[in-house]
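In: have a look at this prediction, sequence included:
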Amino acid sequence: MPDLLVLLRLFLTFAKVALFNFGGGFVMISLIGNEIIGPQGFNITPEEFSNIIAVSQMTPGAVAINTATYVGYKIAGISGALVATLAIPIPSFIIVTFVSPVLIKYKDHKLNKMIFYGIRAVVVGLIINAAVIVAKTPFFVNNYQLLKNINLPFDLSLLNFGSIGIFLISLFLLKKYKMNPIVVIFIAAILGIVIFNFNV
Amino acid sequence: MDANVNLLSLFWKFFKIGMFTFGGGYAMIPLIEREVVANKWIDKEEITDMVAISQSIPGAVAVNMSLFVGYKIAKKKGAIISVLGCITPSFLIILLIAMLLSNFQDYKIVQHAFTGILSAVVALIILSAIKIAKVAILDKVTLIITIITVVVLVLGQFITITHFLSSMFPIILIVSGALTGLLIYYFFPKKVREIYQERGNK
C-alpha cells in the first residue's frame, strides 16, 4: 500500500499541470518535466522522462494522460497511476460544468452566433496548423530519436517518401471510399511496418 | 435527449475515440464526427465551437473535447462517462507497457507502425479542416481570418520563439476571432443580416 502522502502529491502535481496548461502539446510536456524531474520532483531522471514522453506520444490518447499514468505507476504502482491519471481531467471537468450551461443557454442568441462566426474561421486555421505539426514527424523523420528534437530543421533531404505515400493512400481511402478513420489508422500502421522495414 | 442516451454506448464510443487518437487532440475531430455527429447527438457546427473552447480553457484538448461533447449529450453524467471512456484505453495501454515493455519505444516495429499512423493522421486532420471550412468560411472576412491564423501559427512553428509565447498564439487568435464577430455585430448590422441569409438562418 503506497504512502497516502505520495498519492496526494501525485494528484496535486498533475492537477496543477492540467490547470496551468494552455494550448496543449509541448508546453504540457515541459510543465510536467519541471514538476517531476529531480529530487524536488519525483526523482525521475531526464533520461527516464524523455523515454516516458516518447512512449506517451507513440501510444493513443492525450500525451498528458499517458504521461500521468506512466509516472504515477513508476512512483506508486497501480494506485499511483490511477490517482495521477484522474487528476488531469478534474480541473477541466469543473471548468466545463460552468462553461457548458452558458454556451447551451445562449446558443441561439445572435451575439453568440456572431462571436462564433469569427471563432470558427480561427478553428479552421488551428486545424490546418495541427496538420502541419503532426506532419513534421512522419514526413521528415524516420527515426524516433529525432522526435525529441522539437524544433526540427526544415531539411528536404530528410523527406520521408514512404510516409508521404501512406498519407496519400489514407487521403484516398478516406475521401473516395469514406472509410472509417479507425480502419484507415489500422491500414496505415500495417503499411508503416511493411514499408519501413524494407526502407531502413 | 438526456433520457434516450445510453451511457454504456457513450462510454464505448469514447473508448473507441480514445483508442484511436494519435498525434494530439485535433486528431479526435474526425473520430468524434464519425461516432457522435453521425448519430445526430450533436451537429457539426457545435463540434467546431467545442474545438475552440477546448483550446481556450486549461487542460489537454482531447480531454476537454470529451468533456464538452459528453456534457452536451447528457450533462455532468455524460461528461464524466465520455472522459472516462476516452482515457481508459490510454490508461490500460500505458499500464501494460510500464509493467511489461519498458523499452516499448525502442522496438523497430512500433516505430514503423507509429510513423505510418501519423501519416494517416495528417490526412484525417486535413479532411476535417476541409469539412469544418465548409461551415466556417462563409465570406471574405472569415477567409481572411483563416489565412491570418494559418500564417501566424505556421510561422510561429518555424521561427524559434519561447514555447510559452507560441503556446499563447491559439488563444490570442481565438479571442481576436471572437472580437471580429463582436465588432461586426455592433457596427455592421447589415453584414450580420447578410451572414444570416447566407446560412439559411441556421
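Out: That came in fine, so what should we check first?
In: distance between stretch B:131-143 and the chain's centre?
Out: 17 Å (Cα atoms, centre = their mean, to the nearest Å).
In: show me where chain A dips below the pLDDT cut-off.
Out: Along chain A, segments meeting pLDDT under 70 span A:1-2, A:22-26, A:141-157, A:199-200.
In: for the residue in it that chain B sits nearest to, give me the backbone phi and psi.
Out: Using Cβ to the nearest Cβ, A:G192 is the residue of chain A that sits closest to chain B, at 1.9 Å. Where you see a C-beta, it was placed from the backbone N, CA and C, and this is true even at glycine. With angles defined as degrees, to the nearest 10, A:G192 sits at phi -60, psi -50.
In: verify the stated contact: it with B:I117.
Out: Yes. The criterion here is Cβ atoms under 8 Å, and A:G192 meets it with B:I117 at 6.7 Å.
In: ranges for the helices of chain B?
Out: B:7-19, B:28-32, B:44-56, B:61-100, B:108-136, B:140-158, B:163-187, B:189-198 (DSSP state H).
In: and A:H109, which of those is closest to it?
Out: helix B:163-187 (10.4 Å; Cβ to Cβ).
In: residue contacts, B:L101?
Out: B:Y107 (Cβ atoms under 8 Å, 6 or more residues apart in numbering or on different chains).
In: what about it, distance to A:G77?
Out: B:L101 sits 17 Å away from A:G77, going by Cβ to Cβ, to the nearest Å.
In: repeat that for B:L138.
Out: Applying Cβ to Cβ, the value for B:L138 to A:G77 is 53 Å.
In: right, is stretch A:94-104 up against chain B?
Out: Yes. Using Cβ under 8 Å from any Cβ of the partner chain, stretch A:94-104 reaches chain B at A:95-97, A:99-100, A:103-104.
In: and the helix or strand where A:F196 lies, what's buried?
Out: Taking DSSP states H and E as the definition, A:F196 sits inside helix A:181-199. Residues of helix A:181-199 classed as buried: A:181-182, A:184-189, A:191-193, A:195-196 (neighbour count, 16 or more other Cβ atoms under 10 Å in any protein chain shown).
In: got the angle for it vs helix B:108-136?
Out: 140 degrees (axes from the mean of the first three to the mean of the last three Cα atoms, to 10 degrees).
In: tell me, what's the model's pLDDT at the nearest residue to B:V152 once chain neighbours are set aside?
Out: Computed as Cβ to Cβ, 6 or more residues apart in numbering or on different chains, the closest residue to B:V152 that is not its neighbour in sequence is B:F169, at 6.0 Å. pLDDT for B:F169: 85.
In: ok, B:F169 touching B:G156?
Out: Yes. Taking contacts as Cβ under 8 Å, B:F169 lies within contact range of B:G156: 5.3 Å.
In: ok, residues contacting stretch B:119-129?
Out: So stretch B:119-129 is contacted by A:124, A:127-128, A:130-131, A:134-135, A:138-139, A:163-164, A:166-168, A:170-171, A:174-175, A:181, A:184-185, A:187-188, A:192, B:22-23, B:26-27, B:29-30, B:33 (Cβ under 8 Å, 6+ apart).
In: save the buried residues of helix A:181-199 as a markdown table, and put in distance to A:I36 too.
Out: As requested, the buried residues of helix A:181-199 are exported to a markdown table (distance: Cβ to Cβ, whole Å):
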| residue | distance to A:I36 |
| --- | --- |
| A:P181 | 33 |
| A:I182 | 33 |
| A:V184 | 35 |
| A:I185 | 30 |
| A:F186 | 33 |
| A:I187 | 36 |
| A:A188 | 32 |
| A:A189 | 30 |
| A:L191 | 36 |
| A:G192 | 31 |
| A:I193 | 32 |
| A:I195 | 36 |
| A:F196 | 32 |
